[in-house]
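Visitor: following is a predicted model, sequence given first.
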Protein chains: 2
Amino acid sequence: MAEYDVLTIGNAIVDIIARCDDAFLEAQEIQKGGMTLIDAGRAEHLYGAMGPAIETSGGSAGNTVAGLVSLGGTGAYIGKVSGDQLGAIFAHDIRSLGVKYDTAPLEGFPPTARSMILVTPDGERSMNTYLGACVELGPEDIDAALVAAAKVTYFEGYLWDPPRAKEAIVAAAKIAHEAGRQVAMTLSDSFCVHRYRAEFLDLMRSGTVDIVFANEAEALALYETEDVDAALAGLAADTKAFAIVTRSEKGCVVVEGEARIAVPALTVPHVVDTTGAGDLFASGFLRGYTLGLSHEKSARLGVAAAGHIITQIGPRPQTPLKDLAEVKSIFVG
Amino acid sequence: MAEYDVLTIGNAIVDIIARCDDAFLEAQEIQKGGMTLIDAGRAEHLYGAMGPAIETSGGSAGNTVAGLVSLGGTGAYIGKVSGDQLGAIFAHDIRSLGVKYDTAPLEGFPPTARSMILVTPDGERSMNTYLGACVELGPEDIDAALVAAAKVTYFEGYLWDPPRAKEAIVAAAKIAHEAGRQVAMTLSDSFCVHRYRAEFLDLMRSGTVDIVFANEAEALALYETEDVDAALAGLAADTKAFAIVTRSEKGCVVVEGEARIAVPALTVPHVVDTTGAGDLFASGFLRGYTLGLSHEKSARLGVAAAGHIITQIGPRPQTPLKDLAEVKSIFVG
């Protein structure tokens, strides 16, 4: 099998994106800026209440591999859709980028996962996710040869929500390490960290995971602190290789032992939709890392990709990221 | 039943919109700027060849009523989807705007129609439409009370493609006229005019249609001429009430007997995607017309709505058109 820069594993989701005002979030009791899991009944209610939408493939790890390939890398993806129209859309979108994607779709119920994403005038996104077919992802979906062929296997913390995906991840990490590869994860969401804090720490401390991506809120949640330096020290102690913490307009910092490598954020003229910002940061960083660039340059690629995705609607780049002037300057610089 | 400003009738379609370069259109032998009907096999081939896409509700007459409501009017829609996921998306999007939409979905095969729309770097869109469930629209789908309750019933010339929709239109026109209402149509596409030229002229000359919307290419095709003045004279003679001809960057002209009312186009800084430009022109004109505004002001509303829709991706307004400064100035001016 050909070598891939990155294999990502995640919940395979179609995003249903609509604009709304803050009053709508309040009326519907939606946690602003977060990802809330919803059941089929709530999904039907919310869809009936929200305005007209557009649909685009999404899912955190799916967005990350899409961004990585858009930056010129090679990628593969594992995630579970159903054999329905939304599943066909998800599969088309990721394959048409050149991402290897062969996870067997679920036949019959439940349908492909969808996240109703409400974007307020400030550009903030609030996600309401019905997991659908994602609940069926399990160890049987892990292609060992594919894991062994990827320089980095990256997964989302969100995978601790469906029941058996964590078994798939533990199996994949074992295969990756036996093949001399690395494993990376994103903590995904601060509420997700609250749900699985002990398990995430164990993944890090046991060496199941080598590299950790987190935003500031997730890092603080992981160490139950309000002191950023304490959280960074915790990550430095617990992460086998290194951690990268994104801090919105404050840029990001790579934490590797005693070292702290800070990279400033870009100035974005107008934030349209923050959906996918963290996912695309990981795309950029992993593109640089698997190319063998420095952590500083890799982080700058992450900042550039994240800074671009929030100027458009939806988490998948509408034009190739590798053509952006900001990205080109990092590759040649 | 409450009165509606406009009832529109058309092919109920979900758009699948992707960017491509001109070389892709050539390689796939796609008619640039046109609407080409495709069968299921061609649809599968083309979807496999094209890049990642976003999905949005579309369909010419559906876009027109969405725009009309976005401008503050009241609207209803008749069009056939299937009882599948894409059909649910179409129904949600139009109902969530406040459009009355009760056409019974088709159960089973064929699936909801989709149009694969390829947008080149110049912003031009080339449409490849699989009609799916639209082929089942017939007179049984016409709600007589709804037609009688609408000031204007508007339909798309594209409805001459499916087999029985024309019967539905003739039945609806009879109901509308018996209720003292008016009937409008768009000629839709110059290739569509070539297919149904004699029938479209008969709709006009028989008085089945009162108001005709056309772009310059469609008007020229209708009269098989390259002389715009001759085409306008033909429309003046054949149209029961009046005709409106859009001329892209040359604006538009309302043709009513001997009168010619010209309105210039807006200067659009950057054309993102022309999908829906003609549909939204009709939204604006019909909003003004049903409000009792002058033809000149109605045309200016059409120009404003069309000028806005080509600055975004897809044919459905992402923010309310009635809030646009250009639109407000016409209402108060």
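Guide: Done, it's in. Numbering: from 1, shown residues only, chains lettered A, B, ... in the order given.

Visitor: and the helices in chain A, which stretches?
Guide: A:22-27, A:40-49, A:60-70, A:85-95, A:144-149, A:165-178, A:190-205, A:216-222, A:228-238, A:277-291, A:295-309, A:325-332 (DSSP state H).

Visitor: and these, which is most packed in?
Guide: Ranked by mean neighbour count, those are led by helix A:60-70 with a mean of 30 (mean count of other C-beta atoms under 10 Å in any protein chain shown). To be clear about C-beta, it is placed using only N, CA and C from the backbone, and glycine gets the same treatment.

Visitor: by contact count, what packs against that one?
Guide: strand A:4-9, strand A:75-78, helix A:85-95, strand A:150-156, strand A:182-186, helix A:277-291 (3 or more C-beta pairs under 8 Å, 6 or more residues apart in numbering or on different chains; DSSP states H and E).

Visitor: could you give the angle of that helix to strand A:182-186?
Guide: With axes from the mean of the first three to the mean of the last three C-alpha atoms, to 10 degrees defining the directions, helix A:60-70 sits at 120 degrees from strand A:182-186.

Visitor: any residues of the stretch 1-150 of chain A in contact with chain B? List them.
Guide: Listed as neighbours of chain B in the stretch 1-150 of chain A under the rule C-beta under 8 Å from any C-beta of the partner chain: A:16, A:19, A:47-48, A:50-57, A:66, A:84-86, A:89, A:92-94, A:96-97, A:111.

Visitor: okay if I get the helices of chain A as a markdown table plus mean pLDDT?
Guide: Listed next are those as a markdown table, based on pLDDT from 0 to 100:
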| stretch | mean pLDDT |
| --- | --- |
| helix A:22-27 | 98 |
| helix A:40-49 | 98 |
| helix A:60-70 | 98 |
| helix A:85-95 | 98 |
| helix A:144-149 | 98 |
| helix A:165-178 | 98 |
| helix A:190-205 | 98 |
| helix A:216-222 | 98 |
| helix A:228-238 | 98 |
| helix A:277-291 | 98 |
| helix A:295-309 | 97 |
| helix A:325-332 | 92 |
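
Visitor: any idea how far the one residue in the stretch 101-250 of chain A that gets nearest to chain B lies from A:Asp5?
Guide: Closest approach between the stretch 101-250 of chain A and chain B, counting by C-beta to the nearest C-beta: A:Pro111, at 7.3 Å. Distance from A:Pro111 to A:Asp5, counting by C-beta to C-beta, to the nearest Å: 32 Å.

Visitor: what sits against A:Leu68?
Guide: A:Asp5, A:Val6, A:Thr8, A:Gly75, A:Ser283, A:Leu286, A:Arg287 (C-beta atoms under 8 Å, 6 or more residues apart in numbering or on different chains).

Visitor: I'd like to know how many residues surround A:Thr311.
Guide: 13 (other C-beta atoms under 10 Å in any protein chain shown).

Visitor: so who does the nearest residue to it once chain neighbours are set aside touch?
Guide: Distance criterion C-beta to C-beta, 6 or more residues apart in numbering or on different chains; nearest residue to A:Thr311, sequence neighbours excluded, is A:Val272 at 5.6 Å. By C-beta under 8 Å, 6+ apart, the contact list for A:Val272 reads A:Gly123, A:Ile310, A:Thr311, A:Gln312, A:Ile313.
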